[in-house]
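# got a sequence here, can you build the structure:
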Amino acid sequence: MSKTFNVSGDCKPDLHYMVNIEERLVKIKEMVDKRDYFTINRARQYGKTTTLRALGQFLERDYVVVSLDFQMLSSADFENENVFVEALAREIVKRIRRKKNVPIEILNKLREFAVGNYKNAKLANLFENFSTWCEQSEKPIILIIDEVDSATNNQAFLDFLAQLRGYYIDRDETPTFWSVILAGVYDVKNLKRKFRLDEAHKTNSPWNIATDFDINMSFSKKGIAGMLGEYEADYHTRMDIDEMSGLLYAYTSGYPFLVSRLCKLMDEKISKLEQFGTKASAWTKEGFLEAERMILSEQNTLFDSLLNKLTDYPELNTMLNSLLFTGKSIVYNLDNTAIDIAAMFGFIKKQNGVVAIANRIFETRLYNLYLSTSEMQGLDIYTASLRDKNQFIAHGHLNMRHILEKFVVHFNDLYSDNDESFVEDEGRKYFLLYLRPIINGTGNYYIESQTRGLRRTDVIVDYRGEQYIIELKIWHGQEYNNRGEKQLVEYLDDYHIKKGYMVSFNFNKKKQIGVHEIILGDKILVEAVV
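Numbering: from 1, shown residues only. Down below sits the predicted model:
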């Protein structure tokens, strides 16, 4: 049976192409060896379950590993302390009954809890049994619990954490679990995100004993290349593994689901399209860009989960909208509620001390979302783009200069009477709103995050394998403009492109609006002044 790229559930080495995570497991084991209690909180579909399953096997030689999944418990199992004790004992018995190193009297005692033979049993009673087990066990016992989000808004779970904390503090005198690992999206140390306002009394987390978990769980370019090498050994596509792993990393920043999904699309979908037809043709830059277009237009569980959060947390929606369109830097400060939420759900990352969208795929998906609202599509600049869009394509190529010429005319006709603050806040948004219908369905765009700032944003457009680089900036005098031109030339060198484009939003009353060309060395810069 041949392996596949997996995006559903945990990955299994015998069934799926996987990035080698042994280095990650070694680092986590170092924390376990130090008797740390910690939480692995990462965004949805970030490889948490795959890591925990592999970790359990990795630790088995030195430890007794008890791995639970709180998704196996129902909401009724958290109704009260006694019910939770029975449910917890039942799940533990299910996981350890085949282990040879569990004392039979401990297993039998847990079974008694599980079937409710101890009336009004408390967590304290169950933990006394755990302590006896830890004392008698030949190896230290590790407790791993996946999907703790399923439980974090229940008092019974908080009482469970309190017991863990109490035994942790007394562990020099009272035997207890050697290490405890919880996994989920929400940081268990910050439970208040999951509680309603009338449950404020629950927000003091007893999980303040946890050690910070700083291990990187994204895929590296090297790790992706290793996975592609395994695939290549099976299919002999002659792909350029260095180029392909670089593209996958550049567009996803190593987000595990996105890497695997793009690979799955190239392997199973792109290779069957008429214009590609083979796996060899699919595993090329053109095949990758087609997979990117496909993933940006599809509905999947990750995107559904992320977009739902924009409705659940209005402050998150406001912050992301401002970050994408105004170009203003936002200091990365987790004391800011919107930033804390965005980081927890995987929308953003820290880059040079400021907030950046986590990856190009998320960024373009968010741009597409915001630009497709009824409010945006009701604007005159969008209507003008729909009216104009058929005149910009000639022989399969995009005429970017003509796009800039028409944008200048429309923007000045529609918005020349607005003040400077309007242009600073809305100029970038309106350019992207004009551009999107023209390339939609055939091309894609993304923002180069390293150049996004208050005064400069670089838009990279991919259209049928060709790339167009457009610098958007606010006019701040000729000297600044000259520096911008030099920066764009350097950027074109990085992309090995001869022609670049600039859109300057100029507030000078004596400005000459229009489009002109500048020759700098071997580069042609097409500048539009608005």
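
# what sits against the nearest residue to T4 once chain neighbours are set aside?
Among residues not flanking T4 along the chain, H16 sits closest, at 6.1 Å (C-beta to C-beta, 6 or more residues apart in numbering). Quick note: C-beta positions are derived from backbone N, CA and C, even for glycine. Contacts for H16 (C-beta atoms under 8 Å, 6 or more residues apart in numbering) come out as K3, T4, F5, N6.

# now the nearest residue in space to D149 that is not next to it in sequence: how far from K48?
Distances taken as C-beta to C-beta, 6+ apart place G184 nearest to D149, at 4.0 Å, with adjacent residues excluded. Note on G184: its distance to K48, by C-beta to C-beta, to the nearest Å, is 8 Å.

# what do those two both touch?
I40, D146.

# filter the contacts of H16 down to the buried ones, PyMOL style.
To isolate the buried ones among the contacts of H16 in PyMOL, judged by 16 or more other C-beta atoms under 10 Å, type:
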select buried, resi 4+5+6
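
# could the contacts of H16 go into TSV alongside pLDDT?
Output for those, formatted as TSV (pLDDT from 0 to 100):
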residue	pLDDT
K3	95
T4	97
F5	98
N6	96
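
# just the strands in the stretch 251-400 of the chain please.
348-351, 354-357, 393-394, 397-398 (DSSP state E, counting those that start in this stretch).

# beyond the last one, next helix or strand please.
Beyond strand 397-398 in the direction of the C-terminus, DSSP states H and E gives the next helix or strand as helix 400-415.

# please enumerate residues in contact with that following helix?
Counting by C-beta under 8 Å, 6+ apart, 380-381, 384, 388, 391-392, 422-423, 426-427, 430-431, 434-435, 438, 461, 468, 470, 501, 503, 513-515, 526, 528-530 sit against helix 400-415.

# any weak-confidence spans in the stretch 201-350 of the chain?
201-205, 327 (pLDDT under 70).

# which residues in it form helices?
Applying DSSP state H, counting those that start in this stretch to the stretch 201-350 of the chain gives helices spanning 221-235, 241-252, 256-268, 279-282, 285-297, 301-312, 314-326, 337-344.

# and the first one with helix 256-268, angle?
It refers to helix 221-235. Using axes from the mean of the first three to the mean of the last three C-alpha atoms, to 10 degrees, one finds that helix 221-235 and helix 256-268 are set 30 degrees apart in direction.

# what distance separates helix 221-235 from the centre of its chain?
Offset of helix 221-235 from its chain centre (C-alpha atoms, centre = their mean, to the nearest Å): 22 Å.

# kindly report the same for the last one.
Using C-alpha atoms, centre = their mean, the mean C-alpha position of helix 337-344 is found 13 Å from that of the whole chain.

# who are the packing partners of it?
In terms of contacts (3 or more C-beta pairs under 8 Å, 6 or more residues apart in numbering; DSSP states H and E), helix 337-344 is packed against helix 314-326, strand 348-351.

# buried residues, stretch 324-334. List them.
L324, F325, T326, G327, I330, Y332.

# correct me, but T50 touches L15?
No. Applying C-beta atoms under 8 Å, one finds T50 not in contact with L15, separated by 11.8 Å.

# list the buried ones in stretch 483-496?
G484, E485, L488, V489, Y491, L492.

# of these, closest to L316?
Y491 (31.1 Å; C-beta to C-beta).

# where's that closest one, which helix or strand?
Using DSSP H and E, Y491 falls in helix 478-495.

# which other helices and strands does the next helix or strand after that helix contact?
Where DSSP H and E defines the elements, the next helix or strand beyond helix 478-495 is strand 499-505. Contacts defined by 3+ C-beta pairs under 8 Å, 6+ apart place strand 499-505 against helix 400-415, helix 420-439, strand 466-474, helix 478-495, strand 523-529.

# rerun that using 10 Å as the cut-off
helix 400-415, helix 420-439, strand 456-463, strand 466-474, helix 478-495, strand 514-520, strand 523-529 (3 or more C-beta pairs under 10 Å, 6 or more residues apart in numbering; DSSP states H and E).

# coming back round to it: mind checking how far the helix holding Y491 is from the chain centre?
Helix 478-495 sits 31 Å away from the centroid of its parent chain (C-alpha atoms, centre = their mean).

# please put the alpha-carbon coordinates of it into PDB.
The C-alpha coordinates for helix 478-495 follow below in PDB (Å, rounded to 0.1, in the frame of the first residue of the first chain):
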ATOM      1  CA  GLN A 478      11.900  63.200  -3.600                       C
ATOM      2  CA  GLU A 479      14.800  62.000  -1.500                       C
ATOM      3  CA  TYR A 480      12.600  59.400   0.100                       C
ATOM      4  CA  ASN A 481      11.300  58.500  -3.300                       C
ATOM      5  CA  ASN A 482      14.800  58.000  -4.700                       C
ATOM      6  CA  ARG A 483      15.600  55.600  -1.800                       C
ATOM      7  CA  GLY A 484      12.400  53.700  -2.600                       C
ATOM      8  CA  GLU A 485      13.400  53.300  -6.200                       C
ATOM      9  CA  LYS A 486      16.800  51.900  -5.100                       C
ATOM     10  CA  GLN A 487      15.200  49.500  -2.700                       C
ATOM     11  CA  LEU A 488      12.900  48.300  -5.400                       C
ATOM     12  CA  VAL A 489      15.800  47.700  -7.700                       C
ATOM     13  CA  GLU A 490      17.500  45.600  -5.000                       C
ATOM     14  CA  TYR A 491      14.300  43.700  -4.500                       C
ATOM     15  CA  LEU A 492      14.000  43.000  -8.300                       C
ATOM     16  CA  ASP A 493      17.600  41.600  -8.200                       C
ATOM     17  CA  ASP A 494      16.500  39.200  -5.500                       C
ATOM     18  CA  TYR A 495      13.700  37.900  -7.700                       C
END
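
# can you get me the start-to-end distance on stretch 262-276?
Its start and end residues considered, stretch 262-276 measures 16 Å (C-alpha to C-alpha, to the nearest Å).

# correction: the previous question concerned stretch 135-143.
Criterion C-alpha to C-alpha; first-to-last residue distance in stretch 135-143 is 15 Å.

# quick revisit: between T50 and L15, which has more neighbouring residues?
T50 (22 against 12; other C-beta atoms under 10 Å).

# what's the strand or helix carrying L161 packed up against?
For L161, the host element (DSSP H and E) is helix 155-169. Judged by 3+ C-beta pairs under 10 Å, 6+ apart, helix 155-169 is in contact with strand 37-41, helix 81-96, helix 123-136, strand 141-146, strand 179-184.

# what pairs with the last one, parallel or antiparallel?
The partner list of strand 179-184 in its sheet, established with DSSP bridges, is strand 37-41 (parallel), strand 141-146 (parallel).

# point out where the chain drops to low pLDDT.
1, 152-153, 189-205, 327, 449-456, 476-477, 479-481, 509.

# that one - how does it break down into domains?
22-202, 221-298, 372-529 (automatic domain parsing).

# can you tell me which of those domains comes nearest to D304?
domain 22-202 (9.6 Å).

# out of the helices of the stretch 201-350 of the chain, deepest packed?
Across those, averaging neighbours per residue (mean count of other C-beta atoms under 10 Å) puts helix 256-268 on top, at a mean of 23.

# ok, the residue nearest to D149 - contacts?
By C-beta atoms under 10 Å, 6 or more residues apart in numbering, the contact set of G184 is 39-42, 48, 70, 145-152, 194.

# again, but for T311
Neighbours of T311 in contact, by C-beta under 10 Å, 6+ apart: N317.

# likewise Y468?
Y468 touches 398, 400-401, 403, 435, 439, 443, 445, 459-462, 495, 497, 499-501, 526, counting by C-beta under 10 Å, 6+ apart.

# repeat the analysis, applying 6 Å as the threshold.
Y468 sits next to M400, V461 when contact means C-beta atoms under 6 Å, 6 or more residues apart in numbering.

# and for M266?
Contacts of M266 by C-beta under 6 Å, 6+ apart are A282, W283, G287, A291.

# repeat that for N101.
V64.

# hmm, 8 Å instead?
Per C-beta under 8 Å, 6+ apart, neighbours of N101: V64, S137, E138, K139.

# right, I'll leave it there.
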